[in-house]
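K.L.:
sequence first, then the predicted structure:
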Amino acid sequence: MQIELRQISKRFGRFEALKGIDLTVASGTIHGIVGENGAGKSTLMKILTGYLGRSAGHILLDGREVACDSPASAAREGIGMLYQEPQDFPPLTVLDNFIVGRDGPGDANRARQRRRLRELADRVHFHLDPDAPLQQLTVGERQQLEFLRLLGREARVLILDEPTTGISDRQKGLLFEALRRIRDDGRTILLVSHKLEDVEALCDRVTVLRQGRVSGEESAPFHLPRLLQLMFEAPEGTAPPAAVPTRSRRHRPGEPILRFDRVSAPGERTGLHHCSLTIHRGEVVGLAGLSGSGQGLFLRLAAALIDAREGEVRFHGRRLGSDDHRAFRRSGGSFLPADRLEEGLIPGFTIQDHFALADGIPARRARQRARQAIERFDIRGRPDTPAEALSGGNQQRLLLSLIPEQADLILLENPSRGLDVASAEWVWGHLRGQYAQRGAIVFSSAELDEILAIADRVLVFHEGRVVRDLSGDAIDYHQVAAAMTGH
Amino acid sequence: MNDLPLGMLLAGILATAAPLIIAALGETITERAGVINLSLDGSMLLAAMVGFMVGYETQSFLLAFAAAAAVGALVAGVVAVFGIYLGQLQVAVGFALTLMCRDLAYFLGNPYSRLQGPQLVPLKIPLLGDIPLVGPVLFQQPLVVYFGLLLVPAVWWYLYRTGRGLELRAVGENPEAAYTRGIDPRRQQLLYTLIGGALVGIAGAAYSLDIKPGWGRPQGIEGLGWIALAIVIFGGWHPVKVALGALLFAFLQVFGITLQSVWPSIPAQVFQVAPFPLMIFALVLVNLLQRDGVQRWLERRPGLALLLARLRGAPPRALGRSFHPD
């Protein structure tokens, strides 16, 4: 199905997110939408699926104008979307989540749907237990399920918003293979991504958005510097931004800050088993591993958000128990979760409100602090912008700006999730400059490359255990990758 | 208990529990869809009055219960329209309605005070009603008791075994996600708030036409609406557990009356009031089970853990939060 968007505009209050987008996607192709964080990619896609209303513009499918003013009406036209934040029902089972929806053919016959789920999963080599509660799955697995569901609904246009975040290389390979196969069946795929490697590997054509406008279109094979130029408007001839600052291999740990002593805890998919290690001042520690191998539990235990079943966690020598997150913060700890809106920020609270809450200061001073932070952290918003109206990258900047300056243990879960190259570079530059000397930084990441580039110590998680603890020059890509998969 | 045969005691518990089961199940349906209808205590009273009034005038139970159901649905409809579509706080609207409906019931019902009206008679089911002990308890009851008892498996079936029931639960957990999947969450919430309200209305009429027949001030069912709301929480929003909660409360009430004859020296008020704090105590106990510390303590006691795990229940995640599409 050919998609044609004409002069699509979208305003949020006074903010103009999309300023007249024209886009044509040929039938049976994989079309990439790339751009910096906040360029309007997700907004445009949500308009195409009818989740967001448009302020102006027309949508044409195969030359026929359609309304697409609600997800239901877009679904009737055969448009389905895999959202960046999973749109599902955590307390229900995998099978229930697969069944729910009126966006295509399907019925409530559980035996039939169970068979259908298995067939679809087998076709793309995903492994999901239909009876598991969804809340036991990782974000990556939830995304897989939603992808299968959309396949089952026989969507003719499939929109994927950052589908490769939080999934392993193997899963990514499977997903790409499946996407190519359904494209060859004649379906049209829109791929939103900030990862140019994904776009290069998959897309037939790419549209670049910058600040709510189309800044260019390219066809495969892509010329990388050209795409980067369209994304960031760098003058012709200059080098593309370096991926991330390189790590200093000099590794001189200071005094211990955080100590795990034979800690075990249930949770995630694998739990965490008998984890003993010490993190010192001056370390930047990367937690590697397939998603859901215990890294998330490790971070939450360290932040005293959950309680160890066995063993003890000590922060600055003080033992952390349950409900000690306040004590953790008071003694200089900070935790930035991957799910920024659900765990990190408060939807409905403005940037200013977040400062008032974090520092316990009156509104006028909070407004001043918010202004300074917006300036210093280059947040695209105003003091009275609600947190949920910020793009993913700007939410991350807001979270970073909320870390107290005297903090000496920064825990980050997938800090560059959903960030483009420039934003990720900025985030790491800030973190290293601000905290690496004074304290320790511990982060997990779905991107092995990021861990190898940033960390000067790498802990490899596999099935809830730390199977490698590598420092400095001992860090080796092949060894880490092998350990992650259990070798 | 010495002067009351066991059969009569059990039959009394069942009859006392039936309206409570109906009201609590109605609220369960509403809350599973994500809407809190807090008006139960008032709307039950108003429905009881209207049910009695229509029954008195027409001598038709069908019309009486239909009118009561309509009143319940109407009050719920106000909560739904203000809460779901106009974005007002559901709890605030519900609470205001509670007070308004109570006053309205006593004001409009005044002419019907202390009149001799129709009363449901027990309906003996052939053959089954003759079984010793079980017969009188289960099969010689008024129609509304059968209705309440059959409602439990019916609601359970609908919620957990049908596609529409799955949609209902999905909407209550995450209306945004339901919306992305082509479901209109607000329409679903409106529908289930109305259905839940109708059941609450029927429960109200069950009091004025069966359990506490007649109309007067005080009617003697004040507070039961709040108990029904508490039972929904007690039952963890699960229809079978909710019904068990209603039975437990009815047991406490009937048991209290029985004990009164055993210990006449204790003031009667103690037995009348006792079920309420006991219910709160049971609520605390159930919620305590959700705590990590208790869970860990239970891990060393698998038998008890298995039993108590059945009692746990989490509220629908979107409960009381209105959804607005862009």
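P.N.:
Received the coordinates, thanks.
K.L.:
quick check: nearest residue in space to A:Val206, chain neighbours excluded?
P.N.:
For A:Val206, the nearest residue in space outside its immediate sequence neighbours is A:Gly32; the separation is 4.0 Å by CB to CB, 6 or more residues apart in numbering or on different chains. For the C-beta atoms, the positions are set from N, CA and C on the backbone; glycine is no exception.
K.L.:
the one you found: neighbouring residues, count only.
P.N.:
Counted with other CB atoms under 10 Å in any protein chain shown, the burial measure for A:Gly32 works out to 28 neighbours.
K.L.:
pretty sure it contacts A:Leu191?
P.N.:
Yes - taking contact to mean CB atoms under 8 Å, the distance of 5.0 Å between A:Gly32 and A:Leu191 places them in contact.
K.L.:
what residues does the stretch 201-326 of chain B put near chain A?
P.N.:
Counting by CB under 8 Å from any CB of the partner chain, the residues of the stretch 201-326 of chain B close to chain A are B:292-293, B:296, B:314, B:317, B:325-326.
K.L.:
tell me the one of those residues nearest chain A?
P.N.:
Taking CB to the nearest CB as the measure, chain A sits nearest to B:Asp326 out of these, at 4.7 Å.
K.L.:
contacting residues for the closest one?
P.N.:
Contacts for B:Asp326 (CB atoms under 8 Å, 6 or more residues apart in numbering or on different chains) come out as A:51-53.
K.L.:
low-confidence ranges in chain A?
P.N.:
Scanning chain A with the threshold set as pLDDT under 70 gives A:37, A:165-166, A:232-252, A:269, A:322-323, A:485-487.
K.L.:
quick revisit: now do the shared contacts for A:Gly32 and A:Leu191.
P.N.:
Residues touching both A:Gly32 and A:Leu191 by CB under 8 Å, 6+ apart: A:199, A:202-203.
K.L.:
pick out the residue of chain A closest to chain B.
P.N.:
Using CB to the nearest CB, the single residue of chain A nearest to chain B is A:Ala108, 2.6 Å away.
K.L.:
count the neighbours of the nearest residue to that residue once chain neighbours are set aside for me.
P.N.:
Nearest non-adjacent residue to A:Ala108, counting by CB to CB, 6+ apart: B:Gly163, 2.6 Å away. Applying other CB under 10 Å, we find 16 other residues in the vicinity of B:Gly163.
K.L.:
give the contact list for B:Gly163.
P.N.:
When contacts are counted by CB under 8 Å, 6+ apart, B:Gly163 is found next to A:99, A:107-108.
K.L.:
same deal with B:Arg114?
P.N.:
Taking CB under 8 Å, 6+ apart as the contact definition, B:Arg114 lies against B:214-216.
K.L.:
return the set of buried residues in the helix or strand harbouring A:Glu119.
P.N.:
Using DSSP states H and E, A:Glu119 falls within helix A:110-124. Residues of helix A:110-124 classed as buried by neighbour count (16 or more other CB atoms under 10 Å in any protein chain shown): A:110, A:113-114, A:116-117, A:120-121, A:124.
K.L.:
and the helix or strand that that helix is followed by with helix A:110-124, angle?
P.N.:
Proceeding N to C from helix A:110-124, the next assigned helix or strand is helix A:139-152, under DSSP H and E. Here helix A:139-152 runs at 110 degrees with respect to helix A:110-124, directions being taken by axes from the mean of the first three to the mean of the last three CA atoms, to 10 degrees.
K.L.:
next SSE downstream of helix A:139-152?
P.N.:
From helix A:139-152, the next helix or strand downstream (DSSP H and E) is strand A:157-161.
K.L.:
can you list the strands that that next one pairs with?
P.N.:
With DSSP bridges as the test, strand A:157-161 is paired with strand A:79-82 (parallel), strand A:188-193 (parallel).
K.L.:
out of those strands, the one nearest A:Gly271 is which?
P.N.:
Distances from A:Gly271 to each of these were compared using CB to CB; the shortest belongs to strand A:79-82, at 28.6 Å.
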